[in-house]
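A.B. asks: How does the following fold in three dimensions:
(one chain, ligands or ions: 1)
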Amino acid sequence: MRLDTIPRISLTQLPTPLIEAPRLAARLGLRRLLVKRDDCTTLGMGGNKVRKLEFLMADALEKGSDVVMTCGGPQSNHARLTAAACRKVGIERCILFLGGPDFERMNGNLLLDTLFGAEIRFMVDATVKEMDDAMNAEAEKLRADGRKPYVIPIGGSSPQGAMGYTSGIRELAGQLSDEDKSPLIFFAVGSCGTLTGVTIGCRLFLPEAEIIGISVSRKASEIRKIVERVAPEATELLGIDLPIDASQIHVEDCYYGERYGVASEAGNAAVLEMAQSEAIVLDPIYTGKAMSGLMDMARRKLIDTDRTVIFLHTGGGPGLFAFDHVFRGNAKLLRV
Ligand SMILES: Cc1ncc(COP(=O)(O)O)c(C=O)c1O
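C.D. replies: Below you'll find the model as predicted:
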């Protein structure tokens, strides 16, 4: 297997902590709840994308790229971390194509994009296809000018990106004692790179684990189609023959509420409960919704509560600061 020979550049201190969450476990009736703190990756305020970017930026450098481009929503954690990674490896230009609802305040991830000096091309209400087209057109122009652009797909969910969580699961397996080696692993699923990497990683390094992906944006059938497409390319990159049957992947698609990017009541409640039981910060768009799935499934005994449960905390904290209005009513504020 080529996992250790695929180009990779260190962007964070590893391993990330794996910590107990005993108060939340007791509230949910779980024997043991562990949180894998990938929100604590040490680049640019952290998150799951750092693991993907270790492989993507190494690929960009190997190809001699001098401009990196990617796309996402205005509060994209992936875009923010791509901008940070460019600074870290010394790539001068980072262009972010951000599409979605218009915004008034440059807060949360947008503020960090600005601090990292990214060039932002804002495309009001653009679809992923429109952002992709805009990126590719820009890349063409840059090539004609003699530059070497490197285009990262939305969420960094390419075969290289998936390597981040194949190695992330190897790291997690090394942190678990024998009695915890058949855990239930919960996490947020967006563009599916994390899910693809975790699926391959579990097959290789934690075969007794059960994955429960909580969708933040798509129906389970769509997610399985994406994994079906990316997983074979990822295993080819690894140089292994490991057929992944995407129809067997456990994805829950009833926890994202109205749609991607819009906070849900259950997700907001999960953000508050996690903060007030464990002092761990989630966000309303990814990790809050993922945690609302874990909480609901535990409380309704839809999972085996005797098994060790691991919540893979994929970050997203900066995005919380674009949702202050959601939590204003929870303030215990007395003007004196
Ligand atoms: C905080 C956070 N969690 C989870 C995800 C989902 O990861 P993936 O896109 O690999 O499915 C993202 C993606 O942007 C994210 O920012």
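
A.B. asks: Could you pick out the residues of this structure near the ligand for me?
C.D. replies: Counting by C-beta under 6 Å from any ligand atom, the chain comes close to the ligand at 47-48, 77-78, 155, 157, 188-195, 286-287, 314-316. All C-beta atoms are positioned from the backbone trio N, CA, C, and that covers glycine.

A.B. asks: Buried members of those residues into ChimeraX, please.
C.D. replies: Per 16 or more other C-beta atoms under 10 Å, the buried members of the residues of the chain next to the ligand correspond to this ChimeraX selection:
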select :47,48,77,78,155,157,188,189,190,191,192,193,194,195,286,287,314,315,316
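
A.B. asks: Might one say that residue 6 is in contact with residue 55?
C.D. replies: Yes - with contact defined as C-beta atoms under 8 Å, residue 6 reaches residue 55; the gap is 6.4 Å.

A.B. asks: Mutual contacts of these two, please.
C.D. replies: Jointly contacting residue 6 and residue 55 under the rule C-beta atoms under 8 Å, 6 or more residues apart in numbering are 160, 163.

A.B. asks: Same drill for the two, tell me which one is more crowded.
C.D. replies: Using other C-beta atoms under 10 Å, the more surrounded residue of residue 6 and residue 55 is residue 55, with 26 against 19.

A.B. asks: Packing partners of the helix or strand where the more buried one lies?
C.D. replies: If you go by DSSP states H and E, residue 55 is part of helix 49-62. Judged by 3 or more C-beta pairs under 8 Å, 6 or more residues apart in numbering; DSSP states H and E, the packing partners of helix 49-62 are helix 77-89, helix 159-175, helix 193-205.

A.B. asks: what separates the longest helix anywhere in the chain from the chain centre, distance-wise?
C.D. replies: Using DSSP state H, we find that the single longest helix of the chain is helix 220-238. Remark: helix 220-238 is offset 16 Å from the chain centroid, using C-alpha atoms, centre = their mean, to the nearest Å.

A.B. asks: go on, stretch 296-311?
C.D. replies: 22 Å.

A.B. asks: Ok, stretch 180-199 next?
C.D. replies: 10 Å.

A.B. asks: Looking at that stretch now, give me its mean pLDDT.
C.D. replies: The average pLDDT for stretch 180-199 rounds to 97.

A.B. asks: gap between the two ends of stretch 117-127?
C.D. replies: By C-alpha to C-alpha, to the nearest Å, the extent of stretch 117-127 from end to end equals 24 Å.

A.B. asks: which parts of it are buried?
C.D. replies: Buried-residue list, stretch 117-127, by 16+ other C-beta under 10 Å: 118, 120, 121, 126.

A.B. asks: What does the pLDDT read for the spatially closest residue to residue 215 that is not a sequence neighbour?
C.D. replies: Among residues not flanking residue 215 along the chain, residue 253 sits closest, at 4.3 Å (C-beta to C-beta, 6 or more residues apart in numbering). For residue 253, the pLDDT comes out at 98.

A.B. asks: just to revisit the earlier point, can you put the helices and strands packed on helix 49-62 in JSON lines and add distance to residue 281?
C.D. replies: Listed next are these as JSON lines, based on distance: least, C-beta to C-beta, whole Å:
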{"stretch": "helix 77-89", "distance to residue 281": "13"}
{"stretch": "helix 159-175", "distance to residue 281": "20"}
{"stretch": "helix 193-205", "distance to residue 281": "19"}
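
A.B. asks: Inside strands: which ones of the buried residues of stretch 117-127?
C.D. replies: Residues of the buried residues of stretch 117-127 located in strands (DSSP state E): 120, 121.

A.B. asks: Save the buried residues of stretch 117-127 as TSV, and put in pLDDT too.
C.D. replies: Conversion of these to TSV gives the following (pLDDT from 0 to 100):
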residue	pLDDT
118	98
120	97
121	97
126	95
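
A.B. asks: closest to residue 323 among the buried residues of stretch 117-127?
C.D. replies: Proximity of the buried residues of stretch 117-127 to residue 323, judged by C-beta to C-beta, is greatest for residue 120, which lies at 20.0 Å.

A.B. asks: Against the ligand, how distant is the nearest residue to the closest one once chain neighbours are set aside?
C.D. replies: In this structure, residue 120 finds its nearest non-sequential neighbour in residue 96, 5.2 Å apart by C-beta to C-beta, 6+ apart. Residue 96 is 13 Å from the ligand, where distance means C-beta to the nearest ligand atom, to the nearest Å.
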